[in-house]
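[1] What would the 3D arrangement of this be:
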Amino acid sequence: MAGPRAGAAAEAPAASAPLAVLRRRADFLKAAQARRQGTAGFLLQARRRTPDEDGGTIRVGFTASRKVGNAVARNRARRRLRAVARAVLPGAGRPGWDYVLVARPEGTAARPYRDLVADLRWALERVHRG
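    Reported below is the predicted structural model:
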């Protein structure tokens with residue numbers, strides 16, 4: 001099993017957009033009502049912010065419910081999702097968008113890191129296509 005640092009250097013983009021972390025519940029709820037794309041490792045929720053909101057950054061949030069497991073399992077799942085987002089979103093995400101990665105029971109912790117990276121790239125393509 002490859003760890004989050006194993007392929008991170010090869011996946012880091014040359015030019016990257018700034019990332020900010022979603023903190024407010026209202027931002028998570030807005031993303032939950034927007035576009036969704038499921039993968040084997042997680043669920044991606046994405047929404048384009050309105051022009052009056054901060055449009056120059058990519059914002060990302062992470063969540064893992066109790067269905068994922070105990071606190072140790074939830075924290076591990078969120079750590080893996082953060083690592084994947086750091087590797088992919090600066091190059092493949094779009095400024096002015098909010099992304100929320102929702103951990104899946106069994107899938108997030110058990111899936112190989114490279115597969116999670118590929119899942120996020122694929123999910124971003126699907127979300128931005130329509």
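
[2] switch to C-alpha atoms for all contacts and neighbour counts from now on
    Will do.

[3] For the protein, give me the ranges with low pLDDT.
    1-17, 130 (pLDDT under 70).

[4] mind listing the strands for it?
    Applying DSSP state E to the chain gives strands spanning 19-21, 35-38, 42-48, 58-63, 97-103.

[5] Could you export the ones you listed as JSON lines, including mean neighbour count and distance to residue 125?
    Putting the strands of the chain into JSON lines (neighbours: other C-alpha atoms under 10 Å; distance: least, C-alpha to C-alpha, whole Å) gives the following:
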{"stretch": "strand 19-21", "mean neighbour count": "15", "distance to residue 125": "18"}
{"stretch": "strand 35-38", "mean neighbour count": "17", "distance to residue 125": "10"}
{"stretch": "strand 42-48", "mean neighbour count": "23", "distance to residue 125": "11"}
{"stretch": "strand 58-63", "mean neighbour count": "22", "distance to residue 125": "16"}
{"stretch": "strand 97-103", "mean neighbour count": "25", "distance to residue 125": "13"}
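
[6] of those, which approaches residue 117 most closely?
    Closest approach to residue 117 among the strands of the chain is made by strand 42-48 (10.8 Å; C-alpha to C-alpha).

[7] What is that closest one packed up against?
    In terms of contacts (3 or more C-alpha pairs under 8 Å, 6 or more residues apart in numbering; DSSP states H and E), strand 42-48 is packed against helix 25-32, strand 35-38, strand 97-103, helix 113-129.

[8] who touches the closest residue to residue 96 other than its chain neighbours in this structure?
    Among residues not flanking residue 96 along the chain, residue 55 sits closest, at 4.1 Å (C-alpha to C-alpha, 6 or more residues apart in numbering). Residue 55 makes contact with 49, 95-97, according to C-alpha atoms under 8 Å, 6 or more residues apart in numbering.

[9] thinking again about what came up before, need the strands of the chain in JSON lines (columns: distance to residue 75).
    Shown next, in JSON lines, are the strands of the chain (distance: least, C-alpha to C-alpha, whole Å):
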{"stretch": "strand 19-21", "distance to residue 75": "16"}
{"stretch": "strand 35-38", "distance to residue 75": "20"}
{"stretch": "strand 42-48", "distance to residue 75": "14"}
{"stretch": "strand 58-63", "distance to residue 75": "9"}
{"stretch": "strand 97-103", "distance to residue 75": "10"}
